[in-house]
Structure formats: structure tokens, C-alpha cells
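Trainee: 3D, please:
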Amino acid sequence: MAFLFEKLEVYQRAIEFDAETRRVCARLPGGNGDIADQLRRAAVSVPANIAEGNGRWHGADKRHFLMIARGSAFECVALLEILSRTEAISREECGKLKAEINSLAQMINGLSRRFAMAVKA
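Mentor: Purely as a prediction, here's the structure:
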């Protein structure tokens, strides 16, 4: 049995983003453990908060968790930039992951707007 949120493209892409960041973290050179840990926690927060928000009854609660997911995605931007500037990952890889974060953020914004309209109605 699938939960309804599992069918959302934004959720599926957030799960894949988390998996990709875990692959990146697994091959980071030594001395980056603190950043890797923070990146893993921020990345997993994105799909986790999308799921939790979709489990809430009220639109305002749903939006709250979506905004947490969006904030966690943006936190990943800073962490990836640090890894790139310290040459732990390539600029190309950083750019690819940041582009996916941008897409996720736009999708989260769209979903959040839908719940905002439901709250006002």
C-alpha cells in the first residue's frame, strides 16, 4: 500500500536527492565528517518533512512542514558550496546538485501555494 505523498513527484525527487547526497558524502575525503553529517541530515529532512506535512490535516500545518523542507534544501546549498570551495567535490557536481535543489524548491513552493489557497477558501 502506497501513501498518497509517495506519488508526489516532489517527494520522489527529494528521496533521490537524499540518495545522491549520501553517495557524495560516502566518498568525501577525510576531514569533512562534520559537513558530511550536516549535509546528510539536511538532505533527509527534505523528504521527511514533505511526508510529515502531508500527514497533517490542516493546510497551515502542511505549509509549515513544506517550508521546513524548503529551508533544509537551502541549507544543502551552503554545505555543497563549502565542499566545492574546499575542493572536496567538483564545481560541476556542486552545480548539478544545486540545480536539483532549485527544482525541488520550486516544486515545494507550488505545493505550498496550493495549501495556502485551501486555507484562504
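
Trainee: name the helices or strands packed onto the biggest helix by length in the chain?
Mentor: The longest helix of the chain (DSSP state H) is helix 91-120. Under the contact criterion of 3 or more C-beta pairs under 8 Å, 6 or more residues apart in numbering; DSSP states H and E, helix 91-120 touches helix 9-26, helix 59-85. No exception for glycine: its C-beta is placed from N, CA and C like everyone else's.

Trainee: pull out the buried residues from the longest one.
Mentor: Think helix 59-85. Residues 59, 62-66, 68-70, 72-73, 75-77, 79-80, 82-84 are the ones in helix 59-85 that count as buried (16 or more other C-beta atoms under 10 Å).

Trainee: the shortest one now?
Mentor: Along helix 9-26, the positions that meet the burial threshold by neighbour count (16+ other C-beta under 10 Å) are 10-11, 13-15, 17-18, 21, 24-25.

Trainee: need these in JSON lines with pLDDT and distance to Asp34, can you?
Mentor: Below are the buried residues of helix 9-26 laid out as JSON lines (pLDDT from 0 to 100; distance: C-beta to C-beta, whole Å):
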{"residue": "Val10", "pLDDT": "97", "distance to Asp34": "29"}
{"residue": "Tyr11", "pLDDT": "97", "distance to Asp34": "28"}
{"residue": "Arg13", "pLDDT": "98", "distance to Asp34": "27"}
{"residue": "Ala14", "pLDDT": "98", "distance to Asp34": "23"}
{"residue": "Ile15", "pLDDT": "98", "distance to Asp34": "24"}
{"residue": "Phe17", "pLDDT": "98", "distance to Asp34": "21"}
{"residue": "Asp18", "pLDDT": "98", "distance to Asp34": "19"}
{"residue": "Thr21", "pLDDT": "98", "distance to Asp34": "15"}
{"residue": "Val24", "pLDDT": "97", "distance to Asp34": "15"}
{"residue": "Cys25", "pLDDT": "97", "distance to Asp34": "11"}
